[in-house]
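1. take a look and give me a structure for this.
(chains A, B, C and D)
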4 protein chains.
Amino acid sequence: MQIGMIGLGRMGANMVRRLADGDHNCIVYDVQDSAIQALVHHNVAGATSISDLVSQLDQPRVIWLMVPAAIVDESLKTLVPLLSSGDIIIDGGNSYYHDDIRRGNELKLHKIHYLDVGTSGGVAGLDRGYCLMIGGEKEIVQHLSPIFETLAPGVDAAPLTVGRTNRSSTADHGYLHCGPQGAGHFVKMVHNGIEYGIMGAYAEGLNILHHANIGKSKVDSDAETTPLRNPEHYQYELDLTEITELWRRGSVIGSWLLDLTAAALVKDPKLENYTGRVSDSGEGRWTIMAAIDEAVPIPILSAALFERFSSRGAADFSDKLLSAMRHGFGGHIEKSD
Amino acid sequence: MQIGMIGLGRMGANMVRRLADGDHNCIVYDVQDSAIQALVHHNVAGATSISDLVSQLDQPRVIWLMVPAAIVDESLKTLVPLLSSGDIIIDGGNSYYHDDIRRGNELKLHKIHYLDVGTSGGVAGLDRGYCLMIGGEKEIVQHLSPIFETLAPGVDAAPLTVGRTNRSSTADHGYLHCGPQGAGHFVKMVHNGIEYGIMGAYAEGLNILHHANIGKSKVDSDAETTPLRNPEHYQYELDLTEITELWRRGSVIGSWLLDLTAAALVKDPKLENYTGRVSDSGEGRWTIMAAIDEAVPIPILSAALFERFSSRGAADFSDKLLSAMRHGFGGHIEKSD
Amino acid sequence: MQIGMIGLGRMGANMVRRLADGDHNCIVYDVQDSAIQALVHHNVAGATSISDLVSQLDQPRVIWLMVPAAIVDESLKTLVPLLSSGDIIIDGGNSYYHDDIRRGNELKLHKIHYLDVGTSGGVAGLDRGYCLMIGGEKEIVQHLSPIFETLAPGVDAAPLTVGRTNRSSTADHGYLHCGPQGAGHFVKMVHNGIEYGIMGAYAEGLNILHHANIGKSKVDSDAETTPLRNPEHYQYELDLTEITELWRRGSVIGSWLLDLTAAALVKDPKLENYTGRVSDSGEGRWTIMAAIDEAVPIPILSAALFERFSSRGAADFSDKLLSAMRHGFGGHIEKSD
Amino acid sequence: MQIGMIGLGRMGANMVRRLADGDHNCIVYDVQDSAIQALVHHNVAGATSISDLVSQLDQPRVIWLMVPAAIVDESLKTLVPLLSSGDIIIDGGNSYYHDDIRRGNELKLHKIHYLDVGTSGGVAGLDRGYCLMIGGEKEIVQHLSPIFETLAPGVDAAPLTVGRTNRSSTADHGYLHCGPQGAGHFVKMVHNGIEYGIMGAYAEGLNILHHANIGKSKVDSDAETTPLRNPEHYQYELDLTEITELWRRGSVIGSWLLDLTAAALVKDPKLENYTGRVSDSGEGRWTIMAAIDEAVPIPILSAALFERFSSRGAADFSDKLLSAMRHGFGGHIEKSD
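-> The predicted structure follows:
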């Protein structure tokens, strides 16, 4: 199929490569000309502007936006006046699903179709394929199935699940029409919420292993500090690089995130290249908010998000208040070490 | 090698099968005679008692205990007087590593070697192999490497990690000498703590997806109940069986636990075979205690454990106290629905 | 001053009583006529409708709404067309501060002033006075200070804080202009978020005391259940009624909520009148959402909210998923007790 | 009564003053001679050594230890050989109740009585009195009631609880025999666990208020950072000194800890005297461990403890792992601001 791609960052550029390799015809645009030039090739043509991109596409046009969530509306403002009835816009970024519902309704007035596609796979997606969670009209999703089929990892990416009798669902291929507008990004949002939780589970556990030698340190004991009762229980020097490698085989906690962790530890066993400040990009927050609207308890997913906030110093004022109270009732002066 | 196995439950029996298939010579014992008879076969001989098992083994004997953590000490009480200097006992169950340290020291007085082996793999281990986390004396671990090699999944169970240059570490084969006595069960304990966290992350996220249709329900609003502000955001009927299948391909959160979840949902999409009471078997608790001794924050792993406690009604008295306070200050009567 | 009060529930009725006792002139209305009749008295006149209430008030009118958050907008729809430029509306309920900002802007177009007043005190407020957190225009707040002065607890409600040199701030009297529109309900929202956290802290701690006799129970131990290692540590039968009474004197955790807890336990030591389902009325949820917008970690306040969700069975599906996974990897069948 | 006091730190010294003011006869000892000299006065005599203290006391001796938990056993090693059958030792510090059970059993062999007394009140205890949670033999507790009566705050420290008909319980006076050995420190341990939770609830809530102006900041938005959707909701400059003062009157969350917080903010509104590193002294940790042994969920109390660990940098390695994973799947480079 022919498809226009706007936004050629890490994700967008690799998706174009995968589409072109799959014999789709891509017209591409980015604010950075170099990003365009890097892709132009057989099956890929560059556009000099959004307007140029639109003019190069046959009707009904198919345009995939792969831009930061914060500038999707801005992009639509430029794009929509150039489009015609029946054209299709796909937002493949990390938009808030509330926006999808609103945009879908707005675009309907222009008779433009809108799909929201949550896209997972990261930088490995070029090779592994992208897991696609899709929201919008059923007919449009079916119309674009050649595109999704190419981007997705395909049947062979995972063995047949026990109990499934055939591969007729697109889920077995790695893409799925989840429901009406917003459903794709809703599922992707929760996917990322889960991702935060799993990442945090590994990180906390490995941190416990990392501190398993604490019994070797001499710690002062005074009225403010309880001594470690059994230092003999914490005399281990554990090799996390080897342990994460070990867990990749046969253990219950094997996963792709574990594979990545093992690889990161091979490269930098003490993680000296990291400062410990962790970003979050929206989906984790929205997941918590959705759970609260639904009145569903999510202590793990929220803890994972809050840890990221804390890593950026956001608990400092709170911590100072604790010390101020301790000083108030006990006269305690906090230690500075 | 020749090896004695005591304890032929789900785990022990399958390990014997895997060892026998790997041409090791197994003498086996269980309190249930039927469990013994089910295994007797080429390479597997039954014993009529622990004493009989000991007498059938050549010195230095190798005896693997695969019994509940709570009866390891009892088993040792019977076993140790029958053994000779230089014999080797392996505890492959889920013992608390504190006990390993104590037992190792006690057995040293009898010149008996003790290894603690955390074993992950579950019922799938027979086919997939077992991930083995080993603590104890280095020489003894090396001496038993043929056993570990057979039980472990092997090199091919996972692709080479990016950045690793060779397969010379046993971790690449699926077993690892983690450190001195207790190190194996310490690593396994934390492994299970992580497992609880990962399981909880999936469960919470899928619960959010499950309730994504809440906007379709009519909920009364009064001074006690805040109305859902935007019911139009919660109109999705999401198919969790298809979504978990989808995530198995190309997504960041692919894992073996996800594979199992997808399979469980194929079989029982509404999970009607489950009551919602979740057990915990020790390691999750000990993980939290170790983290507290180390003064390491573990909000996710603890939340996962506490959810299991809650699922069994352990928060009831606490919840009643909340209602009693609400009645006290606000005159609130809780709703009974 | 003269004031109209719409909404005569537990809170509104008592506020009218306190205002009337303070020699303010009250015109009152409620959808329940009996609620009106119960108040009519010297200084209190009833109205037969909102329109009647408006017509009985002198201009500029002062009208206090004390209705569920969900019907404030509906009340305003009736009320506003009846008002005149310069009139003042006070929302004293538990509105979401987003709504205050919107309403303030809308009413400004009609030259009607709008104050949002977060009101804490519950059923005890009649005697103790109400703690008032106020948002809106400074001049309007000052104009209404006689009202606030009467509703608030007054200077003597608490001893002078160490370090404060005088009582000139209205905070010393129990009311405060916190900031522009929404600030009152914002502060009240967080106040309630804190309240959830404090309540939960007492409830969890008392639950631990409640279970301090667990070592007396016989619990089976098997591969699924870790035995209690030291039953001798849990042989206490603690009297929570006496302990909460004790803590009211001299302890660091003395508080009004503790006073209420002690009183509840006197009346119903085993809390048999409560089912353990706990409602939440909006502010706790909005507090979490505000913290997330601010990227501030709030593990305690969120845990308190999630516990309420769990008490209503909202984790059931999540718990079943955990059991399904456990069955998948370990063949575990959950116990039914 | 006559009583010996060993340990004259902040707590011990003030308790001696309160006892002497109550006409008890105190013999006091501390490793710091200056601490002894500061107290010697009518009703207070100094001792030059533990042995000297013992020799100055009439039999059966009453000796109160007020030393760090970590040196109680050491103190007992010196003290016990000097004592006689029937003497009484009171541990009024923050011992782990496991130690009380052990010590009580050991001292019984010497026919020495042992009481564990959890003592709350902090530096304010001199004036307010101390809340005393007592474990041990009933007769010994009764024998020492004159001491407890003097140290405790007394009946007037709190109004009669609604529903209580008389003041015959010692709880109304501020001390309580909670149960056998260890019960006093068990109740005090959980008391402190609750204290951590309450402190954390205030700290988190006030932190949300502190950041309520975040909408005024310009934050970049890119694929890594979700923009604040509604900056107009976060335009408040809230005065925490005034708000905490306000809440002291009539609000549901009034408490002594709030009084202390209000006082701390008067003195240092921006908390510039604090670094944000918060200590913990054992009871919070033991509370979590007890809850885990009891299989009782305590998400709030544990979150409060973990926040203290985090404040001391204990999550750093964990946070770096998160960044390493993010780099692995998404190529993300964390921002350094």
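2. near the residue nearest to A:Ala303 when sequence neighbours are not counted, how many other residues are there?
-> Nearest residue to A:Ala303 in three dimensions, chain neighbours excluded: B:Pro299, at 3.7 Å (CB to CB, 6 or more residues apart in numbering or on different chains). (C-beta placed from N, C-alpha, C; glycine too.) Neighbourhood size, B:Pro299 [other CB atoms under 10 Å in any protein chain shown]: 30.
3. element containing the residue nearest the centre of chain A, please.
-> Geometric centre of chain A, nearest residue: A:Asn192, 5.2 Å, by CA atoms, centre = their mean. Using DSSP states H and E, A:Asn192 sits in helix A:183-210.
4. just how off-centre is that helix within its chain?
-> Distance of helix A:183-210 from the chain centroid (CA atoms, centre = their mean, to the nearest Å) equals 10 Å.
5. what pairs with the helix or strand encompassing A:Tyr114, parallel or antiparallel?
-> Assigned by DSSP H and E, A:Tyr114 belongs to strand A:113-120. Strand A:113-120 has these partner strands in its sheet, going by DSSP bridges: strand A:88-91 (parallel), strand A:131-135 (antiparallel).
6. select, out of the ones you listed, the one closest to B:Met133.
-> strand A:131-135 (31.2 Å; CB to CB).
7. which residues touch that closest one?
-> Residues outside strand A:131-135 that contact it (CB atoms under 8 Å, 6 or more residues apart in numbering or on different chains) are A:97, A:100, A:115-121, A:141, A:148, A:151-153, A:174-188, A:191, B:243, B:246-247, B:249-251.
8. low-confidence ranges, the stretch 151-300 of chain A, go.
-> The stretch 151-300 of chain A contains residues with pLDDT under 70 at A:219-224.
9. which SS class is the residue nearest to A:Leu82 when sequence neighbours are not counted?
-> Once flanking residues are discounted, A:Leu82 sits nearest to A:Val54: 4.3 Å by CB to CB, 6+ apart. Recorded secondary structure, A:Val54: helix (DSSP: H, G, I helix; E, B strand; the rest coil).
10. got a list of what A:Val54 touches?
-> A:Val54 makes contact with A:4, A:61, A:63, A:79, A:82-83 under the criterion CB under 8 Å, 6+ apart.
11. ok, the residues you listed vs chain C, which is closest?
-> Closest to chain C out of the contacts of A:Val54 is A:Leu79 (29.1 Å), distances taken as CB to the nearest CB.
12. where does the closest one land on pLDDT?
-> The model reports A:Leu79 with a pLDDT of 97.
13. do A:Gly9 as well
-> pLDDT recorded at A:Gly9 is 94.
14. show me the helices in chain A, by range?
-> A:10-21, A:33-37, A:50-56, A:72-79, A:97-109, A:125-128, A:138-143, A:145-151, A:183-210, A:240-247, A:256-267, A:283-294, A:299-311, A:316-330 (DSSP state H).
15. ok, which of these comes nearest C:Leu305?
-> Of all the helices of chain A, helix A:283-294 comes closest under CB to CB, at 7.3 Å.
16. who are the packing partners of the closest one?
-> Packing contacts for helix A:283-294, counted by 3 or more CB pairs under 8 Å, 6 or more residues apart in numbering or on different chains; DSSP states H and E, involve helix A:183-210, helix A:299-311, helix B:183-210, helix C:283-294.
17. so A:Asp91 makes contact with A:Leu115?
-> Yes - if you go by CB atoms under 8 Å, A:Asp91 and A:Leu115 touch, sitting 7.3 Å apart.
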